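S.K.: sequence unknown, structure follows:
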């Protein structure tokens, strides 16, 4: 069972900071600002670097400082005492400021607070009025009766001392996305003992999120709030069993010939620019049922006609989805089970062949002995067996839940944690 999404918490935020955050929320999008400030405070507490959070809180204090406003705007008026039009002018000034702190703070708060305004489904028993105002009705696709059959290894229950757990395997695979899943399937089919470690939870089709806010919180890296340190660029990456294959749009594009030539020439990868790689791609496409999209929505039809008129190359996308043409909930997972994601194809095959999949296990380092990899270490989430909720750590902060150490001893280690997390694992 997936872990329930934790409720919002404003631990570590002062009343003044929350009040200013609500004022910012109201300036970006009118209405519901108090609830939005609570959601934003909880999200920032759980997903940002402590130094980033300290900087963002400093910005809130500067907004209410009369001296700071005098220096920055020429008027000793706190943000809370300004008219709505004046507040908008202040924020627009920050957006174009020559000071990096002001620009990055504007971008961080703008993205988060406007996202929450429309992604929040609303408090229990009340719909989000902003969604109703724009006529938005979320898709509610039916749930397949043929659920994914993966059963992750049960290592999450509490023990008296949370003593370390050790597993033995031929191969330890870090990450369960497109790379890790395919490798796990191939190795398990060849008779190798495989352990796959995934930082995110396993979620089958019946327990996928029903709204955007819950989906980002449960299925995405850093709860969907992963950014560059200055907040200028936001990145999305799957963080659940299946990785990006669980939440992607299924667009299946082959690497261009010139890119493959560069891989072979510049990175010493022989074979990727020839028939061997062609055969591998063809095999993967067969596994995933890659085919032309069956439906072209009106907006995409406009793009195709415009491209044709301009003489540009454009074509119907190819997707790894079967009988998929009437909903847009792909980034929340696929309740229908039509998306041929890892939990339905390669990871499912790996599990059937005996691979052990450990979810909610964040790998902290590759274990080296004599200069070679002999395994990995990970922190495994400890949950309440009755509720499935994470147990709090020693400090009692839900953002720092209780974990136990897991060591996987293996003669081979595959790091397939994606472009964003593989470097961190290797650096550690």
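M.R.: Yep, it's here. As the structure is a prediction and not an experimental result, all values here were calculated from the model.

S.K.: Name the next helix or strand downstream of the longest helix along the chain, please.
M.R.: Under DSSP state H, the helix in the chain containing the largest number of residues is helix 100-119. Note on helix 100-119: by DSSP states H and E, the next helix or strand toward the C-terminus is helix 129-133.

S.K.: distance between that following helix and the chain's centre?
M.R.: 26 Å (C-alpha atoms, centre = their mean, to the nearest Å).

S.K.: same thing with stretch 385-394?
M.R.: 22 Å.

S.K.: Need the distance between the two termini of it.
M.R.: 19 Å (C-alpha to C-alpha, to the nearest Å).

S.K.: before we move on, what about stretch 244-261?
M.R.: End-to-end distance of stretch 244-261: 26 Å, with C-alpha to C-alpha as the criterion.

S.K.: The stretch 251-400 of the chain: strands as residue ranges?
M.R.: For the stretch 251-400 of the chain, applying DSSP state E, counting those that start in this stretch gives strands covering 291-292, 318-319, 356-358, 361-369, 372-381.

S.K.: again with the stretch 51-200 of the chain
M.R.: For the stretch 51-200 of the chain, applying DSSP E, counting those that start in this stretch gives strands covering 165-174, 194-197.

S.K.: What are the buried residues along the first one?
M.R.: Neighbour counts using 16 or more other C-beta atoms under 10 Å place 165, 167, 169, 171-174 of strand 165-174 among the buried residues. Using the backbone N, CA and C atoms, a C-beta is placed for each residue, glycine as well.

S.K.: circling back: for my notes, please list the strands of the stretch 51-200 of the chain in a markdown table and give mean pLDDT for each entry.
M.R.: Formatted as a markdown table, the strands of the stretch 51-200 of the chain follow (pLDDT from 0 to 100):
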| stretch | mean pLDDT |
| --- | --- |
| strand 165-174 | 97 |
| strand 194-197 | 98 |
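
S.K.: Which one of the ones you listed lies nearest to residue 383?
M.R.: strand 165-174 (14.4 Å; C-beta to C-beta).

S.K.: need the contact list for residue 384.
M.R.: For residue 384, the contact set (C-beta atoms under 8 Å, 6 or more residues apart in numbering) comprises 158, 390-391.

S.K.: got the angle between the lowest-mean-pLDDT helix or strand in the chain and helix 100-119?
M.R.: Lowest on mean pLDDT, DSSP states H and E among the helices and strands of the chain sits helix 66-73, with a mean of 85. On the basis of axes from the mean of the first three to the mean of the last three C-alpha atoms, to 10 degrees, helix 66-73 is oriented at 100 degrees to helix 100-119.

S.K.: could you say what helices and strands helix 66-73 packs with?
M.R.: Secondary-structure packing of helix 66-73 (3 or more C-beta pairs under 8 Å, 6 or more residues apart in numbering; DSSP states H and E): helix 50-64, helix 84-95.

S.K.: Any buried residues in the shortest one, and which?
M.R.: Residues of helix 84-95 classed as buried under the neighbour-count rule (16+ other C-beta under 10 Å) are 87, 90-91, 94.

S.K.: Out of these, flag the one nearest to residue 69.
M.R.: For those, the nearest to residue 69 is residue 90 (8.0 Å; C-beta to C-beta).
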